[in-house]
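Peer 1: Fold the following, please.
(chains A and B)
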Amino acid sequence: DAGVIQSPRHEVTEMGQEVTLRCKPISGHNSLFWYRQTMMRGLELLIYFNNNVPIDDSGMPEDRFSAKMPNASFSTLKIQPSEPRDSAVYFCASSFPNRGPRQETQYFGPGTRLLVL
Amino acid sequence: SQQGEEDPQALSIQEGENATMNCSYKTSINNLQWYRQNSGRGLVHLILIRSNEREKHSGRLRVTLDTSKKSSSLLITASRAADTASYFCATAAVGAGSYQLTFGKGTKLSVIP
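Peer 2: Predicted coordinates:
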């Protein structure tokens, strides 16, 4: 099993540019989470999808951030325009459908390290 | 705001020693989970303990949960250099939809060979 796949692994961009991060969850998982990790704030949940539908986007910092999940095997997180304070590691995670204890465990991708200059 | 707070923030031990990390949280929970993060990698699930459980074991890992004190501990016995990583507790609060997790800031463990 390939695990959660994220791309790119590293992204360096200039302030004002659009950034798109991509995630492919584990096949068969129907919950998908986007997190941001910084030294100051730790790991923060940005948005949560269930069956491709955004359920909770209260963690999205501002309108510059948007996320989509057009199908069960793909999600994007977009920042437009990007700012230096967006520099962080962005993780995607997925979990099993709602049946049994495995649903509670989240499987993380390797992350995208974003640097906005 | 962070639900879980790990203690200590950093821990350095010799290989073979035991490592204990603590986590405190604020609200009632359905379960508490521990994850490990190696440098530059994603988080990996280690163990889950439910609110009606007090202790759980998995290999060299032992987790305890005290809901009256809203705290948990993770014990790694006979540590190895490969255990060097950051360890995070994550809580699924009662009423939280679909098992959303809130993570602490982690304990950075260094195991010296």
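
Peer 1: who in chain A is up against chain B?
Peer 2: Proximity of chain A to chain B (Cβ under 8 Å from any Cβ of the partner chain) is limited to residues A:4, A:31, A:33, A:35, A:42-43, A:45, A:48, A:50, A:55-56, A:91, A:93, A:95, A:98, A:101, A:103-111. In short, each C-beta sits where N, CA and C put it, glycine included.

Peer 1: mind listing what the one residue in chain B that gets nearest to chain A touches?
Peer 2: At 3.5 Å from chain A, residue B:42 is the closest residue in chain B, using Cβ to the nearest Cβ. By Cβ atoms under 8 Å, 6 or more residues apart in numbering or on different chains, residue B:42 lies in contact with A:4, A:91, A:93, A:108, A:109, A:110, A:111.

Peer 1: one step back: and the residues of chain A next to chain B, which of them are in helices?
Peer 2: If you go by DSSP state H, the residues of chain A next to chain B have nothing in helices.

Peer 1: Contact partners for the one residue in chain A that gets nearest to chain B?
Peer 2: Residue of chain A nearest chain B, by Cβ to the nearest Cβ: residue A:108 (3.5 Å). Applying Cβ under 8 Å, 6+ apart to residue A:108 gives the contacts A:4, A:91, A:92, A:93, B:35, B:42, B:43, B:44.

Peer 1: Can you tell me the element the last one falls in?
Peer 2: It refers to residue B:44. Secondary structure from DSSP states H and E places residue B:44 in strand B:43-50.

Peer 1: before we move on, what about the fifth one?
Peer 2: When secondary structure is defined by DSSP H and E, residue B:35 falls within strand B:29-37.

Peer 1: Give me the buried positions along that strand.
Peer 2: B:29, B:31, B:32, B:33, B:34, B:35, B:36, B:37 (16 or more other Cβ atoms under 10 Å in any protein chain shown).

Peer 1: near chain A, from the residues you listed?
Peer 2: B:31, B:33, B:35.

Peer 1: Is the last one bridged to anything, and to what?
Peer 2: In this case it means residue B:35. Beta-bridge partners recorded for residue B:35 (DSSP bridges): residue B:45, residue B:88.

Peer 1: wouldn't it be in contact with residue B:46 here?
Peer 2: Yes. Checked against Cβ atoms under 8 Å, the pair residue B:35 and residue B:46 is within contact range at 6.1 Å.

Peer 1: what does chain B have sitting close to chain A?
Peer 2: Counting by Cβ under 8 Å from any Cβ, the residues of chain B near chain A are B:2, B:30-31, B:33, B:35, B:41-45, B:48, B:88, B:92, B:97-106.

Peer 1: These, buried ones only, as a ChimeraX selection?
Peer 2: For the buried members of the residues of chain B next to chain A, the matching ChimeraX selection, counting by 16+ other Cβ under 10 Å, is:
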select /B:2,31,33,35,42,43,45,48,88,92,98,99,100,101,102,103,104,105,106
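
Peer 1: Find the residue closest to residue B:48 in space, skipping its chain neighbours.
Peer 2: Nearest residue to residue B:48 in three dimensions, chain neighbours excluded: residue B:33, at 4.7 Å (Cβ to Cβ, 6 or more residues apart in numbering or on different chains).
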